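*Asks:* Need coordinates for the following:
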Amino acid sequence: MFKSIQQKLKDASILEENEPILSFIQVVDFNKQQQQFKKIAKEELASLVQNKFYYFLASIKTADNDSTPIIYLLKLNDKTNDFKLKVTYYLDDIKTITKIDNTIKQTLSNGNSLETNVYAFELLFRCDSDDSLNETTDQKLKFVWQCNKVEERNDFLDTLWKLSEQFLKASSRPKFINYKFEPKKTLVQTKDDEESNDNSIIKDINQQYEISKTDEDSLLKLMSECDFASSNAEKFIEKLQTELLQLDTSNIESIMNSEENTLKLIDMLDVAVQEIDKIDDRLKEYEDKISAVGDAVRIVGERDNVIQLQQNNQFALLELLESMIINLDFPAENLHVLKSLDLTKPESIRKVIKVANNLLDLLETELPSSLTKMKAYEEQKKTLEKYKISFCGHLCKNLRNAIGHATNKHLESEGKNDANRVTIPSHKKIHDDLLALKELVFWVHRSNCMFSEQNQTKTFYEDLKQNYIETIKQLYIKEVNEFCMSAKAGIAKLDRPRPNVSMENIKGSMIRSLEKSHIGDSFGSKTDQNHKDTLKAIFVKLLNYLTNAVTSEEKFCLEFFAIPPKQGKLDESIVSSNSGNSKLLSNLPRTNSNLSLVSTNTTSSKLLGDPKTDFSVLKEIFSVLIEDQVKQVMDSIIKTDYIMVLFLYSNMLAGVSTCHQNRQYMHQPMVGLLRFAKEKCDEFVRNFKEFISETKVNRKEKIGILKFVKYFEEFVKEAEICWEPIKNDYSEKLCNIYEGIVRDIFKAIEDIASVSQKTPQEVVLFQNYHQMTHIMRGINGLKDLTRKAREDYINWQKEYVKRLFGRPLEKIHIFFEKVQAKLDRGYVHQDISYQLELSANNLAQIISEYPAREVKRGLYDLYNKVEKHLEDNSSLLQVVWRDMSTEFITQYKNYETLIKLCYEGHNIKFDFTQEDIYKFFNEISIERSKEHKF
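*Replies:* Below you'll find the model as predicted:
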């Protein structure tokens, strides 16, 4: 990297020919801004960097065997790409070198903060600096430079430290601050490698060509023997040549003297070669004889291998035939065991299972394809197939009888049942009896035997399964119907007589349910709450028994029929029974609701939790049975108390979530029931909205809290109770129901208030908005609507106070309105009293008409009027009265101000003071409160 830079600097006459570059670094200059930032800490200078780059170059100038470390400050010309020398520093002129590492936090124009790492160093020069330092203008003793990279900065400081240690005396060395360096053994020469940025210092150039110690000793010995070598080179060379010639002559004489011995050696070698040729001939003879013997042995071995192979094949064929006979042999006693099947005896069942499995094993044994073509094999195979089909038919007949027997036994043990059944009987006894036969059922499935019936072919296994489905389905229909009839009978006993004929319709049922909850202006009577609790208990009991029955049957079917899992996907009936279900099941959360209607246990959850479980048997058994019966019970509950739709809807949400989590079959009918409950809930809300929009009032009668507002309060209380266990998961659904009703209520309040004649519009609005604020204050999802209701309540109350007020001092109020109008048009306040209709005499005459006694009487009448406008015993009466007192005092102060401003010197005063007004309001409030108590 430094070669090109060094060449440019030599061309620019900045560096001498033999002057090396030891370190090169790019920096940013802060010196020109020194005066501006004197009071700024060194660490903050990084935030004021200007884009003006310089370069430091460290070098060693060698002259007269004296090496001087030098630092050049260069500037690069962007146009010519040439360096220009700015300043030359000597290392011994520097007093201190300080390393600076800091993080600067800056605030950008957009308000964000930015942290910048600053890598810099500071050079502080001695006072007695060289002239080269003084030539640079605007330079002071202290300089701060910032680098782009911390590695470059550290390498540059390392170079300066090494230069100071090697070439400067201790007194002349600069002091390094915030910097530590561990010195290496020697300073290593820098390699001019373009791919490396290593800036370490070279060793002395003379050390590049050092000779070894041995070479040095030899050279010194030679030089000591020839003292003239250094003074007379030709004579030294001639001496060396003479000695070399003498050495060659001695070598030749030695070779000539050894000729006789050489000839004797050659003769001995010739004799040895002849002996080797004789041995070679003998070896060839031996090799030919051994080869002939080997061929003979190989022929004999091949004959033995053929004989051994024939024997092995014969033994293998014999073993194969014996194995085929054993694998296809079915003794007569085994056939007798199959024919004498008795499912009532456990010992017989165990024997039959063992023999039947043996029969299937024989049929499933795989033999070589060559043996399967044998006639004996084919005949035996047909015989075994006959045995299998015959036994399968006989077994299925016995299994069907066993299913019927277990069912009849269950019916006999239960006795005769009527519509007063209070539980669904457990089928544990049936399941226990049949599970003893589950291995035989699995054998039927494994055998895959088929038969024809009515031109249709089906397997014995499917026929057996269908027989169980039909038998057990009839039993469940009978028991579930009786249980649901009992539940409906219990619900019918709770149904109260309807107060009038109009309540017979659905909307009337809704109103009747809300009215029952609003008896005595409180949330339901004790009797009404007990009524609801009983309905809830009946429904929870119903679903718990149904769920337990389905769960028990599900576990039994998985074990009895050995249903194999379907690879890769769920039963379609569970994943998406129809398009409506998928909407209801989207993103169902897990819930631990105490209203969960599913009774599960750990064992069943593990057995039923496989997402690949086939529910086809359960689907055929229960089909629409559960949905139809439970829907009838739900209809009965709704007819008894229409507001119970909220409980049914919330309860079904919890139940579906639990079944979905446990992957149970009960999930499918629960989804249908959830859809039904949602439809009923939507119908309830729709009827409630219609009731709100169709509500009419007598214009000439007093209007207080509207009836549908009171009904909504009871609706919210009941909904919050029902939704409490699942509020964390389904609060949004409830808030959506609330929101639609509230918006319709707001619209109906506005419509009714606009046609009211006896009660002021403002009173109808602020009373009902106040009540709606009270109802919605605890519902988090209705914060915006609650805020709107409160704002409307406050605004309409203020409007009512402003409109009604002024009556007690009506003439004074009108007079000062005219005064204020004149002032607003620009009249000077001193000129107001000169207006004929606004003269001081007229004002005094009007004020005299309102003595304190008349004012109090007027306020008393005002209180009576407000009391008549508001609902009886309304808590808003005192609120409105307090606001009126505040408004009266405000007007009084305004009148006093206008009198002082426009009628100063006329001695015009009211017959009462501000304290009197407070007293009037308090006395009236206390008197009327006592009257209400009596």
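
*Asks:* before we move on, what SS does Thr68 have?
*Replies:* Recorded secondary structure, Thr68: strand (DSSP: H, G, I helix; E, B strand; the rest coil).

*Asks:* Scan the protein for its longest helix.
*Replies:* Of all the segments of type helix in the chain, defined by DSSP state H, the longest one is helix 259-328.

*Asks:* who does that helix touch, helix- and strand-wise?
*Replies:* helix 375-414 (3 or more Cβ pairs under 8 Å, 6 or more residues apart in numbering; DSSP states H and E). In this view, the C-beta of every residue, glycine as well, is placed from N, C-alpha and C.

*Asks:* In the helix it packs on, which residues are buried?
*Replies:* Using 16 or more other Cβ atoms under 10 Å as the test for burial, helix 375-414 gives 380, 384, 387-388, 391-392, 395-396, 398-399, 402-403, 406-407, 410.

*Asks:* for the residues you listed, which one is nearest Asp432?
*Replies:* Nearest to Asp432, judged by Cβ to Cβ, of the buried residues of helix 375-414 is Ala406 at 8.9 Å.

*Asks:* residues touching that closest one, list them.
*Replies:* Ala406 makes contact with Lys429, Ile430, Asp433, Leu434 under the criterion Cβ atoms under 8 Å, 6 or more residues apart in numbering.

*Asks:* what do you get for Asp295?
*Replies:* Contacts of Asp295 (Cβ under 8 Å, 6+ apart): none.

*Asks:* tell me the pLDDT at it?
*Replies:* pLDDT for Asp295: 81.

*Asks:* Any figure for the gap between it and Leu309?
*Replies:* Using Cβ to Cβ, to the nearest Å, Asp295 is found at 22 Å from Leu309.

*Asks:* how about the helices of the stretch 151-300 of the chain, start to end?
*Replies:* Ranges of helices in the stretch 151-300 of the chain, per DSSP state H, counting those that start in this stretch, are 213-225, 233-257, 259-328.

*Asks:* repeat for the stretch 551-700 of the chain
*Replies:* Under DSSP H, counting those that start in this stretch, the stretch 551-700 of the chain gives helices at 572-575, 579-585, 602-608, 616-622, 625-640, 645-662, 667-694.

*Asks:* Quick check: which of these is buried the most?
*Replies:* helix 645-662 (a mean of 24; mean count of other Cβ atoms under 10 Å).

*Asks:* picking up where we left off before, of all the contacts of Ala406, which comes closest to Asp329?
*Replies:* Leu434 (33.6 Å).

*Asks:* Surely that closest one forms part of a helix?
*Replies:* Yes: using three-state DSSP, the assignment for Leu434 is a helix.

*Asks:* all numbers from here: first residue = 179
*Replies:* Understood, numbering begins at 179; the last thing we discussed is Leu612.

*Asks:* quick one, phi/psi of Val265?
*Replies:* phi -150, psi 150 (degrees, to the nearest 10).

*Asks:* By pLDDT, give me the weakest of the buried residues of helix 553-592.
*Replies:* The member of the buried residues of helix 553-592 with the lowest pLDDT is Gln558, at 78.

*Asks:* hmm, who's touching stretch 1064-1082?
*Replies:* With Cβ under 8 Å, 6+ apart, stretch 1064-1082 has contacts from 979-980, 983-984, 986-987, 990-991, 994, 997-998, 1001, 1007-1008, 1010-1011, 1018, 1021, 1037, 1086-1088, 1092, 1095-1096, 1099.

*Asks:* re earlier: among the helices of the stretch 729-878 of the chain, which is nearest Asp271?
*Replies:* helix 823-840 (82.5 Å).

*Asks:* Which of the contacts of stretch 1064-1082 are buried? Put it as a ChimeraX command.
*Replies:* A single ChimeraX command suffices to select whichever of the contacts of stretch 1064-1082 are buried according to 16+ other Cβ under 10 Å:
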select :979,983,984,986,987,990,994,997,1010,1011,1018,1021,1037,1086,1088,1095,1099
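
*Asks:* Of the contacts of stretch 1064-1082, which belong to helices?
*Replies:* 979-980, 990-991, 994, 997-998, 1001, 1018, 1021, 1037, 1092, 1095-1096, 1099.

*Asks:* Could you break this structure into its assigned domains?
*Replies:* Structural domains annotated on the chain: 189-305+317-355, 440-505, 510-667, 985-1110, as defined by the TED database.

*Asks:* okay, how far is it across the longest one, tip to tip?
*Replies:* The first residue of domain 510-667 is 63 Å away from its last residue (Cα to Cα, to the nearest Å).

*Asks:* What values do phi and psi take at the spatially closest residue to Phe734 that is not a sequence neighbour?
*Replies:* Nearest residue to Phe734 in three dimensions, chain neighbours excluded: His609, at 4.4 Å (Cβ to Cβ, 6 or more residues apart in numbering). With angles defined as degrees, to the nearest 10, His609 sits at phi -60, psi -40.

*Asks:* can you check Glu194 too?
*Replies:* According to degrees, to the nearest 10, Glu194 has phi -80, psi 170.

*Asks:* quick one: it from Ser245, how far?
*Replies:* Distance from Glu194 to Ser245, by Cβ to Cβ: 13 Å.

*Asks:* can you check Leu545 too?
*Replies:* For Leu545 relative to Ser245 (Cβ to Cβ), the value is 99 Å.

*Asks:* Flag the shaky bits of the stretch 679-828 of the chain, pLDDT-wise.
*Replies:* The stretch 679-828 of the chain contains residues with pLDDT under 70 at 679-706, 740-792.

*Asks:* Which strands or helices does the helix or strand containing Arg1031 pack on?
*Replies:* For Arg1031, the host element (DSSP states H and E) is helix 1030-1047. Where contact means 3+ Cβ pairs under 8 Å, 6+ apart, helix 1030-1047 is packed against helix 961-982, helix 1054-1080, helix 1092-1111.

*Asks:* So which residues make contact with the shortest one?
*Replies:* Same thing as helix 1092-1111. Counting by Cβ under 8 Å, 6+ apart, residues outside helix 1092-1111 touching it are 1030, 1033-1034, 1037-1038, 1041, 1045, 1051, 1056, 1059, 1062-1063, 1066-1067, 1070-1071, 1090.

*Asks:* out of those residues, which are buried?
*Replies:* Val1033, Lys1034, Leu1037, Tyr1038, Tyr1041, Trp1059, Met1062, Ser1063, Phe1066, Tyr1070, Phe1090.
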